[in-house]
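Chemist: structural data only, the sequence is not supplied:
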């Protein structure tokens, strides 16, 4: 069975600090997709990134970067120079590929608080 | 995602009442699904659909029914609400089964 673990329940840092959110997953599939979503205090789910299991290149988008390591089954998310607007709950999720259905398995979420 | 519309945004039900959570999208997406979000548990899949007329159960389907008579709509029915169904419900849709774009959510309280 698939499983996603976000061991950090809550993280609190001061603005401008760098912060890394951990995500560890379990799957027996060789082809799968990993996601990060942001849930700000307003409650909606904002898609941040999708990576497939064959692409282990790190990705950077502005202050956000993602480190995918199959050897450790991890897909960690780093925010550089954090800002108060980054305060949110962040979810990591896993999806089997090519199963003809939209089925995501989510981690428990990490609540990130950026203090001014 | 502005293309996925959930109604209502908030709802309070009494135990035993029934209701339907609505989800509509106008993007001609084949794939739609319902999740519930509970504190400390992330989101869990309730039911999903791969197209009109085709639905299947997810991880936590008990107490919920769905149907998909059109591509645009995927309603979630609670036949007899229970306090354990107090949660935030999210509908998602996509053209590609690898994606999921979520609606704004419906906060349901069962008293």
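Modeler: That came in fine, so what should we check first? Keep in mind it's a predicted model, so treat the numbers as computed, not measured.
Chemist: gap between residue B:56 and residue B:30?
Modeler: As judged by C-beta to C-beta, to the nearest Å, residue B:56 and residue B:30 stand 14 Å apart. (Each C-beta comes from the backbone N, C-alpha and C, glycine too.)
Chemist: residue A:116 now?
Modeler: Distance of residue A:116 to residue B:30, computed by C-beta to C-beta: 44 Å.
Chemist: can you give me the buried ones in the least confident helix or strand in chain A by mean pLDDT?
Modeler: Lowest by mean pLDDT, DSSP states H and E among the helices and strands of chain A is strand A:59-61, with a mean of 88. By neighbour count on 16 or more other C-beta atoms under 10 Å in any protein chain shown, the buried set for strand A:59-61 is empty.
Chemist: give me the contact status of stretch A:34-54 with chain B.
Modeler: Yes - among the residues of stretch A:34-54, A:35, A:37, A:43, A:44, A:45, A:47, A:50, A:52 lie within reach of chain B under C-beta under 8 Å from any C-beta of the partner chain.
Chemist: can you get me the start-to-end distance on that stretch?
Modeler: Taking C-alpha to C-alpha, to the nearest Å, stretch A:34-54 runs 11 Å from one end to the other.
Chemist: report the mean confidence score over that stretch.
Modeler: Average pLDDT, stretch A:34-54: 92.
Chemist: what lies in contact with it?
Modeler: For stretch A:34-54, contacts defined as C-beta atoms under 8 Å, 6 or more residues apart in numbering or on different chains pick out A:23, A:25, A:29-33, A:59, A:61, A:64, A:66, A:68, A:70, A:75, A:77, A:87-95, A:97, A:104, A:109, B:1, B:88, B:90, B:98-102, B:104-105, B:107.
Chemist: could you redo the last one with a cut-off of 7 Å?
Modeler: Contacts of stretch A:34-54 with the rest of the structure, by C-beta atoms under 7 Å, 6 or more residues apart in numbering or on different chains, involve A:25, A:30-33, A:59, A:64, A:66, A:68, A:70, A:75, A:77, A:88-95, A:97, A:104, B:90, B:98-99, B:101-102, B:104-105.
Chemist: likewise stretch B:84-99?
Modeler: A:33, A:45, A:50, A:95, A:97, A:100-102, B:4, B:6, B:21, B:23, B:25, B:27, B:29-38, B:43, B:63, B:74, B:76, B:78, B:100-103, B:105-110.
Chemist: right, and the helix or strand after the strand or helix carrying residue B:44?
Modeler: Following DSSP states H and E, one finds residue B:44 within strand B:43-51. Sequence-wise, the next helix or strand downstream of strand B:43-51 (DSSP H and E) is strand B:54-57.
Chemist: which elements pack onto the helix or strand that that following strand is followed by?
Modeler: Note on strand B:54-57: by DSSP H and E, the next helix or strand toward the C-terminus is strand B:64-66. Under the contact criterion of 3 or more C-beta pairs under 7 Å, 6 or more residues apart in numbering or on different chains; DSSP states H and E, strand B:64-66 touches strand B:43-51, strand B:76-78.
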